[in-house]
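>>> A structural model of the following input is requested.
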Amino acid sequence: MLDLDHPRTPHVFAASRQEDLILNYCNRITLSAAGARRFMAEVVRPTFAALRWLATNRFADEPHIPDGIAELERQMEQLAELPSATLTTITGRRRIAPPAAVSRLLRTSTTRRRIV
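Below is the predicted model:
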């Protein structure tokens with residue numbers, strides 16, 4: 001449980017806000033086309049700098065935190081670089097499918113044939 005009177009509490013909340021921003025953009029990235037995903041990855045990049053600053057200046061005695069931040073940033077970059085697929089809808093229209101939709105579509109055998 002978080003002790004609201006602890007001297008680190010404001011820093012824990014600050015880190016949590018940064019992590020929430022990252023999660024929000026990662027959710028948006030999964031639903032966007034390739035160009036927008038790369039743009040959003042750049043928009044969220046300063047939050048990693050803020051987390052690294054907090055880790056260095058407020059949580060220096062927690063050596064695992066910088067490694068976790070680096071891993072989270074690496075995974076966000078991988079998410080932003082996932083390829084999109086071009087799908088043909090039932091009506092014959094072609095659409096770009098974001099990574100979340102592609103992985104969902106590939107799970108069902110009936111939709112695999114529609115991916116071009």
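>>> how about the nearest residue to Ala14, chain neighbours excluded?
Leu54 (6.1 Å; CB to CB, 6 or more residues apart in numbering). All C-beta atoms are positioned from the backbone trio N, CA, C, and that covers glycine.
>>> got a list of what the one you found touches?
Counting by CB atoms under 8 Å, 6 or more residues apart in numbering, Leu54 touches 11, 14-15, 18.
>>> Mind doing that once more with 10 Å?
Residues near Leu54 by CB atoms under 10 Å, 6 or more residues apart in numbering: 11-12, 14-15, 18, 65, 69.
>>> so for the helix or strand Gln75 falls within, what's the average pLDDT?
Assessed by DSSP states H and E, Gln75 sits inside helix 64-81. Helix 64-81 carries an average pLDDT of 93.
>>> now the secondary structure element (helix or strand) that Ile22 belongs to against helix 64-81, angle please.
Assigned by DSSP H and E, Ile22 belongs to helix 9-30. Put simply, helix 9-30 runs at 20 degrees to helix 64-81, going by axes from the mean of the first three to the mean of the last three CA atoms, to 10 degrees.
>>> mean confidence score for helix 9-30?
For helix 9-30, the mean pLDDT works out to 92.
>>> quick one: buried residues of it?
15, 18, 21-22, 25-26, 29-30 (16 or more other CB atoms under 10 Å).
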